[in-house]
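Visitor: I would like the atomic coordinates for the input below:
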Amino acid sequence: MSDAPEVNRGLVTPARVVIALCLFAPFVAMLWVGSYAKTDPEFAGIPFFYWYQMLWVLLSTLLTMVAYKLWQRDQRARASQKGGASE
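Guide: Numbers count the residues shown, from 1 in each chain. Next up, the predicted model:
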């Protein structure tokens, strides 16, 4: 019977932390240029600088996919707790 707004508990869950890490990791890896601004080791004649960045394109895709699947599962779990239908 109070007029206080309902507090939404559980905004930070382990799944959401993993989602954030999956989305944040590629940014950190690409912005930390000093870690990959070199030519050795080469892979199939391609300097490290280039193949490292191309590897992160693939890794970013995989991490984004993992984050999306975790987000879907989190949303379904929240909808079932509220008794609502999931999308």
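
Visitor: Now do the residue lying closest to residue 43 once chain neighbours are set aside against residue 62, distance only.
Guide: Spatial nearest neighbour of residue 43, excluding adjacent residues (Cβ to Cβ, 6 or more residues apart in numbering): residue 51 at 4.7 Å. Where you see a C-beta, it was placed from the backbone N, CA and C, and this is true even at glycine. Taking Cβ to Cβ, to the nearest Å as the measure, residue 51 and residue 62 are separated by 17 Å.

Visitor: so what's residue 64 scoring on pLDDT?
Guide: On the pLDDT scale, residue 64 is placed at 97.

Visitor: swap in residue 67?
Guide: On the pLDDT scale, residue 67 gets 97.

Visitor: Adjust the sequence numbering to begin at 47 for everything that follows.
Guide: I'll keep to 47 as the first residue from here, and by that count the last item is residue 113.

Visitor: And for it, nearest residue in space, chain neighbours not counted?
Guide: In space, residue 113 is closest to residue 68, 4.1 Å off (Cβ to Cβ, 6+ apart).

Visitor: show me what contacts the one you found?
Guide: 109-110, 112-113, 116 (Cβ atoms under 8 Å, 6 or more residues apart in numbering).

Visitor: can you rerun that using 6 Å?
Guide: Contacts for residue 68 (Cβ atoms under 6 Å, 6 or more residues apart in numbering) come out as 109, 112-113.

Visitor: Narrow those residues to those in helices?
Guide: In helices, defined here by DSSP state H, the members of the contacts of residue 68 are 109, 112-113.
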